[in-house]
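**Q** Got a predicted structure here, sequence first:
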Amino acid sequence: MRPMPKWAHAMRPYVKMTSAKDKALAYLNRFARTEKQVAQYLSRKGFPQEEIAQTIAYLREHRFLNDDVFAESYIQSRIRHCDGPFKIKQLLLQKGISPDIADHLLKQSYPDDLQQEKIASLVKKRLKGTKRVSRIERERVFRFIASRGFSRYVIIQVFNRL
């Protein structure tokens with residue numbers, strides 16, 4: 001990165017703020033993001049923390065950023081991909097959603113009966129075409145479903161029904 005000319009430092013508060021907003025809006029134009037993701041992006045681009053805070057406040061005020069709406073949408077997307085609540089929560093935490101919001105939205109959006117439906121569909125998909133399932137195959141499928149983020153309790157309930 002080349003050093004800025006001396007006169008550019010005097011202009012920086014005026015130029016960078018609009019530039020930070022523009023960068024953030026362009027970043028949000030592609031996909032919905034969390035405040036943490038936008039802040040990290042602007043930080044990587046070299047903007048100072050106070051400009052980042054002002055930009056995020058502007059975006060929040062104009063409803064370009066809303067972590068609750070993002071989390072709801074993200075949860076629904078991950079449910080469609082047959083991910084379990086533990087995996088979804090971990091992904092939300094990585095994206096900067098608070099644990100309380102993640103727990104609340106997961107309990108609201110992903111009840112046990114829906115989890116059981118998703119697990120049953122995964123089991124049928126993994127075991128399709130097999131008439132007799134060995135203990136080893138059953139354990140392999142169990143580990144696969146557990147790796148998708150479902151609790152052992154719910155997995156066992158589904159396995160007992162099958």
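**A** It's in.

**Q** Distance-wise, check the spatially most central residue of the chain relative to A146.
**A** With distances taken as Cα atoms, centre = their mean, the residue of the chain nearest its centroid is L92 (4.1 Å). L92 sits 19 Å away from A146, going by Cβ to Cβ, to the nearest Å. Where you see a C-beta, it was placed from the backbone N, CA and C, and this is true even at glycine.

**Q** Quick check: next helix or strand after whichever strand or helix holds the residue nearest to the centre of the chain?
**A** Assigned by DSSP states H and E, L92 falls within helix 85-94. With elements assigned by DSSP H and E, the helix or strand that comes after helix 85-94 is helix 99-109.

**Q** ok, and for that following helix, which residues are buried?
**A** A102, L105, L106, S109 (16 or more other Cβ atoms under 10 Å).

**Q** F86: how many residues sit nearby?
**A** F86: 15 surrounding residues under other Cβ atoms under 10 Å.

**Q** tell me the domain ranges of the protein?
**A** 10-61, 67-109, 112-161 (automatic domain parsing).

**Q** Reduced to three states, what does K128 come out as?
**A** Here K128 is recorded as coil under DSSP: H, G, I helix; E, B strand; the rest coil.

**Q** Check the spacing between it and L122 real quick.
**A** On the measure of Cβ to Cβ, K128 and L122 end up 11 Å apart.

**Q** and the two? which has more neighbours close in?
**A** It is L122, of K128 and L122, that has more neighbours when counted by other Cβ under 10 Å, with 19 against 7.

**Q** got the angle for the helix or strand hosting that one vs helix 85-94?
**A** Here L122 sits within helix 112-126, counting by DSSP H and E. Interaxial angle of helix 112-126 relative to helix 85-94 (axes from the mean of the first three to the mean of the last three Cα atoms, to 10 degrees): 110 degrees.

**Q** outside of the helix or strand that helix 112-126 is followed by, which residues touch it?
**A** The element immediately downstream of helix 112-126 (helix or strand, assigned by DSSP H and E) is helix 135-147. The contact list for helix 135-147 (Cβ atoms under 8 Å, 6 or more residues apart in numbering) reads G84, I119, L122, V123, R126, L127, T130, R152, I155, F159.

**Q** make it 6 Å
**A** Applying Cβ atoms under 6 Å, 6 or more residues apart in numbering, the contact partners of helix 135-147 are I119, L122, R126, I155.
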